[in-house]
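**Q** take this sequence and fold it.
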Amino acid sequence: MDEQTKTFYELRFRNRFLESKATAFQDLFVAIMAKAHPGDFIPCRPWGNIGDRKNDGYLKSERTLFQVYAPNEMRAADAVTKIERDFAEALPHWRNYFDTWVFVHNSDGGLPPGVIAKLLEIEQAHTPIRITQWGFDELLLRFQRLSAEALRSLYGSPPSGGKIKERSKQELSPLLKSKREQARAASRKRDIESALGLWEEVRQQAEKEGNKAEELNARLQVVLILLRDERNLPEALKLADNCLQEATSVELDADRSRMLQLVGEVHRIKGNRDQARGFLTSALEHARSATSPLDEGFALLSLSGLEKPERGRADSEKALELVDLAYNAFSVAYASGDKEQQTSAKDGFAQCHIWRAEIFGYPRPDDAVAEWTRALTLYKELGEDWELCTADTFLDRARLRAGLKEVKLSASDLDHAAKIYHGLGYTIGLAKCYLQAGELADSIGERVKAADHYKQAGAIVAT
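**A** Prediction:
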């Protein structure tokens, strides 16, 4: 198996590990162990009124008994209780058959110290039984034993056959490429004035080089900034109409998928949902035909954004299905792309986690918090150009935690967001932090503190 295909499958495993909870996580564990140790690993399921006698799987050759625990959110006290009860109840039934007892869990950040202490305490009290734990890294080692056939049976073949085709496109000059990167960075930081000026520089340089597709791209980026800013909506809509008309006549070649996606996004912001869906579907089809997993992933994410989960469960499931497909595509791009493509794929992963968090929301708060946490990890890895995305994610997680009455955690997230916004000079974000802090103080009866926060938010808006 080549390195590219191997990386794809490991990314799929990581995604499944992070997403699976309760029975779904146990199913993942059993599937991997059964294929890694055929004829040796014995799964155990609850049976009638006797249950599974605290056996979630047994590896005969290693005399190892497994107990799986995959809550929506790892809480130390609950985990300690689970370990004590399950180990104690397993002993009368299985002691003659195991030398090692493994606590398998879905905590990707490691176990709390109290849980580790409990495992060590039980091991000391029951020598010579070895007590240990398996998390992501330990299960990954077993996953890496799987044959190519076993991997395909679990996850299918890589969407693009594991290899990205070379695409012919007009090569960007070093100057144009540099200007475009500067403009993208300014857009990510929402430095509106700088971004508008830099995209205009990109447009002018593209015009000089005769690169019509890149020239149109720069104009569309300006339109998106103006539409999202809403300070000059009539001008933005006029520019949008001009760009949409021009997009039908410009030869886009390899840039077609990206341009169709931008056009679809403009339509979405304008409220033209049917037109947006049409352009985004065309973007997806072109990305797939051109074997461009990055474009495919972002087109799928945009299509998921057109779904309205608040209308019902079916819409939520459709949106999540599209996000999962997007994650698959980004996995392919990361596995087979260069450094720049891997950075874009990481950004795509983070956006997948954020959109999942928004879909889960209050109906599945633990899952939503976990998704925002994963997005934060990725944004921190991506670096300072994604600092504003990091702050926005802290702010979103704080809002949910406030609704769940997790006051201290919400306040901590708000503090992190406010520090980043302040450092970047992003006053809109800072005002939102003060406003939300005021609402949080109000919710626990701290009226004076709330009034102070509202006053600070108002002062920022006034300037």
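**Q** check contacts around the spatially closest residue to residue 449 that is not a sequence neighbour.
**A** In this structure, residue 449 finds its nearest non-sequential neighbour in residue 441, 4.3 Å apart by C-beta to C-beta, 6 or more residues apart in numbering. Just so you know, the C-beta spots here come from the backbone N, C-alpha and C atoms, and that holds for glycine as well. By C-beta atoms under 8 Å, 6 or more residues apart in numbering, the contact list for residue 441 reads 447, 449-450, 453.
**Q** drop anything exposed from those residues.
**A** 450, 453 (16 or more other C-beta atoms under 10 Å).
**Q** and which of the contacts of residue 441 is nearest residue 419?
**A** residue 453 (15.5 Å; C-beta to C-beta).
**Q** that closest one touches residue 431, doesn't it?
**A** No: in this structure, residue 453 is not within contact of residue 431 by C-beta atoms under 8 Å, at 10.3 Å.
**Q** roughly how far apart are the closest residue to residue 376 other than its chain neighbours and residue 369?
**A** Distances taken as C-beta to C-beta, 6+ apart put residue 393 closest to residue 376, at 5.3 Å, once the chain neighbours are dropped. Distance of residue 393 to residue 369, given as C-beta to C-beta, to the nearest Å: 11 Å.
**Q** give me the more crowded residue out of the two.
**A** Applying other C-beta atoms under 10 Å to residue 393 and residue 369 shows that residue 393 carries more neighbours, namely 27 against 21.
**Q** list the contacts for that one?
**A** 354, 372, 375-376, 379.
**Q** so, low pLDDT: which residues of the stretch 1-150 of the chain?
**A** 1-4, 48-52 (pLDDT under 70).
**Q** just the strands in it please.
**A** 41-42, 57-59, 64-69, 100-105, 130-134 (DSSP state E, counting those that start in this stretch).
**Q** and the contacts of the third one?
**A** What that stands for is strand 64-69. For strand 64-69, using C-beta under 8 Å, 6+ apart, the contacting residues are 25-26, 29, 33, 54-59, 79, 82-83, 86-87, 90, 94, 97-106, 134.
**Q** let's go with 6 Å and repeat that
**A** Strand 64-69 has contacts (C-beta atoms under 6 Å, 6 or more residues apart in numbering) with 26, 29, 56-58, 82, 86, 94, 98, 100-105.
**Q** likewise the last one?
**A** Residues outside strand 130-134 that contact it (C-beta under 6 Å, 6+ apart): 100-104, 119, 122-123.
**Q** okay if I get these as CSV plus neighbour count and distance to residue 420?
**A** Shown next, in CSV, are those (neighbours: other C-beta atoms under 10 Å; distance: C-beta to C-beta, whole Å):
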residue, neighbour count, distance to residue 420
100, 14, 45
101, 26, 44
102, 22, 40
103, 23, 37
104, 21, 36
119, 20, 37
122, 17, 42
123, 16, 43
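**Q** if we can go back for a sec, identify those among the contacts of residue 393 that sit within strands.
**A** If you go by DSSP state E, the contacts of residue 393 have nothing in strands.
**Q** which of those fall in helices?
**A** Judged by DSSP state H, helices contain the following of those: 354, 372, 375-376, 379.
**Q** pLDDT of stretch 221-235, averaged?
**A** If you average the pLDDT over stretch 221-235, you get 69.
**Q** quick check: residue 421 touching residue 391?
**A** Yes: between residue 421 and residue 391 a contact is recorded at 5.3 Å, counting by C-beta atoms under 6 Å.
**Q** find residues that contact each of these two.
**A** The contact lists of residue 421 and residue 391 share residue 429, where a contact means C-beta under 6 Å, 6+ apart.
**Q** any idea how far residue 376 is from residue 105?
**A** Counting by C-beta to C-beta, the gap from residue 376 to residue 105 is 21 Å.
**Q** those two: which is more packed in?
**A** Shown here are residue 376 and residue 105; by other C-beta under 10 Å, residue 105 has more neighbours (25 against 20).
**Q** and the more buried one, bridged to which residues?
**A** residue 69 (DSSP bridges).
**Q** now do it against residue 432, distance only.
**A** Counting by C-beta to C-beta - residue 105 and residue 432 are separated by 36 Å.
**Q** check residue 86 too.
**A** 45 Å.
**Q** with neighbour numbers in mind, choose between the two.
**A** residue 432 (23 against 19).
**Q** got the domain ranges for this structure?
**A** 3-155, 383-463 (automatic domain parsing).
**Q** for the stretch 351-463 of the chain, just list every one of the strands.
**A** Using DSSP E, counting those that start in this stretch, strands in the stretch 351-463 of the chain do not occur.
**Q** show me where pLDDT drops low in it?
**A** In the stretch 351-463 of the chain, no residues with pLDDT under 70.
**Q** ditto for the stretch 201-350 of the chain
**A** Using pLDDT under 70, the stretch 201-350 of the chain drops low at 227-234, 236-237, 240-241, 243-256, 308-315.
**Q** let's go with 50 and repeat that
**A** Residue ranges of the stretch 201-350 of the chain with pLDDT under 50: 311-312, 314.
**Q** so residue 115 sits against residue 79, correct?
**A** Yes: here residue 115 reaches residue 79: they are 4.7 Å apart, a contact under C-beta under 6 Å.
**Q** neighbour count: those two, which is higher?
**A** residue 115 (24 against 21).
**Q** name all residues that make contact with that one.
**A** Counting by C-beta under 6 Å, 6+ apart, residue 115 has contacts 76, 79-80.
**Q** what's the single longest helix in the protein?
**A** helix 313-336.
**Q** what is the burial count for residue 124?
**A** 9.
**Q** residue 417 versus residue 358, what's the distance?
**A** For residue 358 relative to residue 417 (C-beta to C-beta), the value is 17 Å.
**Q** who has more neighbours out of those two?
**A** residue 417 (26 against 16).
**Q** surely that one meets residue 433?
**A** Yes: look at residue 417 against residue 433 with C-beta under 6 Å: they come within range, at 5.4 Å.
**Q** before we move on, the earlier item: make TSV out of the contacts of residue 441 and add distance to residue 190.
**A** Below are the contacts of residue 441 laid out as TSV (distance: C-beta to C-beta, whole Å):
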residue	distance to residue 190
447	33
449	29
450	27
453	23
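**Q** from the contacts of residue 441, pick the one nearest residue 153.
**A** residue 453 (55.2 Å).
**Q** which residues touch the nearest residue to that closest one once chain neighbours are set aside?
**A** Among residues not flanking residue 453 along the chain, residue 438 sits closest, at 3.5 Å (C-beta to C-beta, 6+ apart). Going by C-beta under 6 Å, 6+ apart, residue 438 touches 450, 453-454.
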